[in-house]
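Enquirer: Predicted model and sequence below, questions to follow.
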Amino acid sequence: MDTTIAMLLERLTTTSLHTLVLATVVWGLCRWLPRLPAASQCWLWWLVGLQAVLGLAVGPMELAWLPAAVPPPPMPALALPASDVAIVAVQAPQVAAPLWPIAIAALWAAGVLVMTIGTLRGWRDARTLVRNARPCTDASLTQALALACEAHGLRHTPTLRISPRIASPQLVGALRPTLLLPERTALDSDELDMALTHELVHLRRGDLWLGWVPTLARHLLFFHPLVHLAVREYGIAREAACDAAVVAGDHRCRHGYGRLLVRLGVTPGRPACLASASPTFLSLKRRLTMLQTTHSSSRLGASLLLLGVAVAGVLPLRLVAAPAASAVPPVPAAAATPNRPVLPVAPAAPARPAVTAAVAAALSAEEVAEIAAAAAQEAEAAIRSVDIAAITAAATSEALAAAAPAIASSVASATTVGNRQIQISGRTSQAYVRSRGGADFAMSGSTEDFEEAKRQTGSGDALWLRRGNDRYLIRDPATLRRFDTLFEPVARLGREQGELGKQQGRLGGEQGRLGAEQGVLGQRQARLATAAAQRALAGDGDVPASEQRDLDEIAARQRELGDRQRALGQQQAELGRQQGALGERQAEASRQVEAALPRLLDDALAAGKAQRL
């Protein structure tokens, strides 16, 4: 929940800033290029709304165009004595999350809800307006509308109705467009033709559908003043574009069309309607000013400008630094060879601890004391924190890698657990559970199948089958022997896998003992390192002969233990490969059992030896 709110607030912030920049650029273009076609201005303001919607719906796309950050030079490595360090996870104190992000998200959601309610009310009023309008009975007017639609390339003619509640022609409804004509406003034939052409241009441009993008942007960014500006400018430019299309065919009708706009006057707009009248005096003034412009920019230049704004301004882009070149030297090929398992072997002690003295001399007295105390504490905890299971898992990593393909291919095979031969899988079309006295089970199916079969078979000798949604119970000895014979290869392979598992367990125990001994040696190394650090702090860099012998003995023993660990790892790898081969064979045997089960059930049903539950 906190992550969702944080992502929402981040996108609201970045989208608001992006919209601020894009709306400012579009406003400047429309002011600096007054001869820009009204249709191009309309599309520019529509792109502002599209950018606002995409910015909230889609995460920013990162472009690595900034120069790469220069990585800091690597710090020189300090050759400190090796020791086993136990890592302890410390849980940080929980801090109560601040409430202001939740409050801001709640206010934003409330604002969107209020805007949505207002739009739904406007849509309801528009539908009521259409329902209260009466159909047009003038055949000549209907025929003229059909001819005009054909001339404008429209496939469907909108429904024509007469309404007493409007003062200018209006187009309503995106799914089923309806053209409303005013009942009380008398228009001559030329005025009616220009008004109908204006509305049909809206329909041809798809403004009833395209207008929802700026509307949605205004709902989502209701707090952004430039979004409201973009929606208003889009509406004005949209009407001006339709006006330009009306007078494009005959420039002599500009005066007549201007008089029509003045006569229709100003009518408050509805959210779901497109009216010929202007919604505000500013819109009327801008439309009349456009009619006085007889020359406009070239279409090619306007198209290139529109394309540039769409590519550079709409997509939510984020400039990031290019990835820095790694300063880490490449790993030698020998280190990546998987033939030898990676084991938790403590590194050998240095030949002479003079490096330790040099490090201690480079540090302050307090730092050396802290290092010595930490090394002592880590050494005490090392022997107590030896995790035999982790050592065994590390030693058998190659074995698991070798057996992974076989394990993946034998998902359908059975697994031996004690006296139970069980394959647990998801819900399949068929399943079986073979119960031998309620203590020995062989099955293939889900855990639900196993529990249901246990309840229905009890402690007897039986075979429980499921085919689809039907359940069957077989207690016939001959049929059970037939199933056991069919299942014997799977059981035998399961027993062989169990023996290999025991061998792997013994090897794992031996690896655990070696790891424990390595932990003891690491403790001794840490103690000797602490003593060397203390002498270096006191200014005595000489190493006693007894300590040097101990260091040499520890290094030799560590190498010996490492060789034994590697040998055990190779044995584990061989056992893992054998397990993989057995897994493949067991998978094939299980497939044969499942393929023969339908015939066994059909024969039992035909002989009346299967009881349907």
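Expert: Looks like it arrived, so ask away.
Enquirer: Now residue 442, what are its backbone angles?
Expert: phi -130, psi 130 (degrees, to the nearest 10).
Enquirer: repeat for residue 469
Expert: Main-chain torsions, residue 469, degrees, to the nearest 10: phi -100, psi 10.
Enquirer: ok, residue 225 - how many residues close by?
Expert: 10 (other Cβ atoms under 10 Å). All C-beta atoms are positioned from the backbone trio N, CA, C, and that covers glycine.
Enquirer: Also the one 10 residues further on?
Expert: Other residues near residue 235 number 21, with proximity taken as other Cβ under 10 Å.
Enquirer: Could you report the distance from it to residue 42?
Expert: From residue 235 across to residue 42, the span is 9 Å (Cβ to Cβ, to the nearest Å).
Enquirer: same deal with residue 574?
Expert: 75 Å.
Enquirer: And the helices in the stretch 101-250 of the chain?
Expert: Taking DSSP state H, counting those that start in this stretch to define them, one finds helices in the stretch 101-250 of the chain at 139-151, 189-205, 207-210, 212-220, 225-248.
Enquirer: Return the distance of the longest one from the chain's centre.
Expert: Using Cα atoms, centre = their mean, to the nearest Å, the mean C-alpha position of helix 225-248 is found 38 Å from that of the whole chain.
Enquirer: just checking, next helix/strand downstream of it?
Expert: Going down the chain from helix 225-248, the next helix or strand is helix 254-264, by DSSP states H and E.
Enquirer: burial count for residue 474?
Expert: Residues lying near residue 474 (other Cβ under 10 Å) number 24.
Enquirer: does it really touch residue 481, like I thought?
Expert: No - using Cβ atoms under 8 Å, residue 474 is not in contact with residue 481, being 11.4 Å away.
Enquirer: residues contacting residue 125?
Expert: residue 270 (Cβ atoms under 8 Å, 6 or more residues apart in numbering).
Enquirer: which stretches of this structure aren't confidently modelled?
Expert: 1-2, 61-97, 249-252, 294-296, 317-428, 539-543 (pLDDT under 70).
Enquirer: Where does the record place the domain boundaries for it?
Expert: The chain breaks down by automatic domain parsing into domains covering 2-64, 111-296, 389-412+476-612.
Enquirer: how about a markdown table for those domains, with distance to residue 103 added?
Expert: Formatted as a markdown table, the domains of the chain follow (distance: least, Cβ to Cβ, whole Å):
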| stretch | distance to residue 103 |
| --- | --- |
| domain 2-64 | 10 |
| domain 111-296 | 13 |
| domain 389-412+476-612 | 46 |
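Enquirer: Is residue 171 in contact with residue 199, as I believe?
Expert: Yes - using Cβ under 8 Å, residue 171 is in contact with residue 199, at 4.6 Å.
Enquirer: anything in contact with each of those two?
Expert: In contact with both residue 171 and residue 199: 179, 274, using Cβ under 8 Å, 6+ apart.
Enquirer: returning to what we had before: so for residue 574 and residue 42, which residue has more residues nearby?
Expert: The residue with more neighbours, out of residue 574 and residue 42, is residue 42; 23 against 15, by other Cβ under 10 Å.
Enquirer: Now name the helix or strand holding the more buried one.
Expert: Counting by DSSP H and E, residue 42 is part of helix 38-57.
Enquirer: now swap in residue 449 and tell me
Expert: If you go by DSSP H and E, residue 449 is part of helix 447-457.
Enquirer: For this protein, just list every one of the strands.
Expert: In the chain, the strands defined using DSSP state E lie at 61-66, 134-135, 159-163, 170-172, 178-182, 273-275, 317-321, 415-417, 420-424, 430-436, 440-445, 461-467, 470-474, 610-612.
Enquirer: Which among those strands is found nearest to residue 531?
Expert: strand 317-321 (47.7 Å; Cβ to Cβ).
Enquirer: mind listing what residue 191 touches?
Expert: For residue 191, the contact set (Cβ under 8 Å, 6+ apart) comprises 256, 260, 263.
Enquirer: Quick check: chain neighbours aside, which residue is closest to the second one?
Expert: In other words, residue 260. residue 191 (5.1 Å; Cβ to Cβ, 6 or more residues apart in numbering).
Enquirer: And the one you found, how far from residue 243?
Expert: 14 Å.
Enquirer: Which strands or helices does the helix holding residue 449 pack on?
Expert: The elements that helix 447-457 packs onto, with contact taken as 3 or more Cβ pairs under 8 Å, 6 or more residues apart in numbering; DSSP states H and E, are strand 420-424, strand 430-436, strand 440-445, strand 461-467, strand 470-474.
Enquirer: angle of that helix against strand 440-445?
Expert: Orientation of helix 447-457 against strand 440-445 (axes from the mean of the first three to the mean of the last three Cα atoms, to 10 degrees) gives an angle of 140 degrees.
Enquirer: so how far is stretch 279-298 from its chain's centroid?
Expert: 47 Å.
Enquirer: my bad, stretch 501-519
Expert: On Cα atoms, centre = their mean, the centre of stretch 501-519 falls 42 Å from that of its chain.
Enquirer: Going through the contacts of residue 191, which ones are buried?
Expert: residue 260 (16 or more other Cβ atoms under 10 Å).
Enquirer: Redo the contacts of residue 191 as JSON lines? Include distance to residue 138.
Expert: Output for those, formatted as JSON lines (distance: Cβ to Cβ, whole Å):
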{"residue": "256", "distance to residue 138": "22"}
{"residue": "260", "distance to residue 138": "20"}
{"residue": "263", "distance to residue 138": "21"}
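Enquirer: quick one: which of the contacts of residue 191 is nearest residue 132?
Expert: residue 263 (24.5 Å).
Enquirer: so who does the closest one touch?
Expert: Going by Cβ under 8 Å, 6+ apart, residue 263 touches residue 191.
Enquirer: And for residue 267?
Expert: Counting by Cβ under 8 Å, 6+ apart, residue 267 makes contact with 166, 167, 168, 275, 277, 278, 279.
Enquirer: now residue 462
Expert: So residue 462 contacts 434, 435, 473, 474, 475, 480 (Cβ under 8 Å, 6+ apart).
Enquirer: what's the neighbour count on residue 470?
Expert: 11.
Enquirer: so how far is residue 450 from it?
Expert: Going from residue 470 to residue 450 by Cβ to Cβ gives 18 Å.
Enquirer: cool, residue 15 as well?
Expert: 53 Å.
Enquirer: Settle it for me: which of these two has more neighbours?
Expert: Set residue 15 next to residue 450 and count neighbours by other Cβ under 10 Å: residue 15 wins out with 24 against 21.
Enquirer: Now do that one against residue 56, distance only.
Expert: For residue 15, the distance to residue 56 - Cβ to Cβ - is 5 Å.
Enquirer: list the residues that contact both of the two?
Expert: residue 221.
Enquirer: Turn the strands of the chain into TSV, columns for distance to residue 581.
Expert: Converted to TSV, the strands of the chain look like this (distance: least, Cβ to Cβ, whole Å):
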stretch	distance to residue 581
strand 61-66	47
strand 134-135	82
strand 159-163	76
strand 170-172	75
strand 178-182	75
strand 273-275	75
strand 317-321	49
strand 415-417	16
strand 420-424	19
strand 430-436	25
strand 440-445	21
strand 461-467	30
strand 470-474	33
strand 610-612	36
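Enquirer: Which among those strands is found nearest to residue 195?
Expert: Closest to residue 195 of the strands of the chain is strand 178-182 (Cβ to Cβ; 8.2 Å).
Enquirer: what angle sits between the closest one and strand 159-163?
Expert: 30 degrees.
Enquirer: now strand 178-182 against helix 139-151, angle please.
Expert: Going by the same axes, to 10 degrees, strand 178-182 makes 130 degrees with helix 139-151.
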